[in-house]
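Chemist: Below is the structure, and that's it, no one-letter string:
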């Protein structure tokens, strides 16, 4: 599987398979194990995507390694009215 969408689709199919009433316990366990591995992989990929988005939006990290969005500076005043 090459992309995120394909992996997610595979995970959904595994989930559907487990819900079938005629699936053997052994097959259900195999599907569950594969699903857990896939879910962990997808979670890691999502984390990487989120990190990339944060860096693209600001590019600055704080001392604790978190990325600050910096959408507004200290001089920006929000009045709720249009100029």
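Modeler: Sure, I can see it. The structure displayed is predicted, hence computed values, not measured ones.
Chemist: What helices and strands are in contact with the longest helix along the chain?
Modeler: As assigned by DSSP state H, the longest helix anywhere in the chain is helix 25-57. Using 3 or more Cβ pairs under 8 Å, 6 or more residues apart in numbering; DSSP states H and E as the contact test, the elements touching helix 25-57 are helix 4-19. In short, each C-beta sits where N, CA and C put it, glycine included.
Chemist: Buried residues in the helix it packs on, which are they?
Modeler: By neighbour count on 16 or more other Cβ atoms under 10 Å, the buried set for helix 4-19 is 7, 11, 14, 17.
Chemist: same deal with stretch 26-45?
Modeler: 31, 35, 38.
Chemist: so how many other residues sit close to residue 51?
Modeler: Residue 51 has 11 neighbours, counted by other Cβ atoms under 10 Å.
Chemist: how close does it get to residue 43?
Modeler: According to Cβ to Cβ, to the nearest Å, residue 51 and residue 43 sit 13 Å apart.
Chemist: quick check: angle from the lowest-mean-pLDDT helix or strand in the chain to helix 4-19?
Modeler: Lowest on mean pLDDT, DSSP states H and E among the helices and strands of the chain sits helix 25-57, with a mean of 93. Relative orientation of helix 25-57 versus helix 4-19 (axes from the mean of the first three to the mean of the last three Cα atoms, to 10 degrees): 150 degrees.
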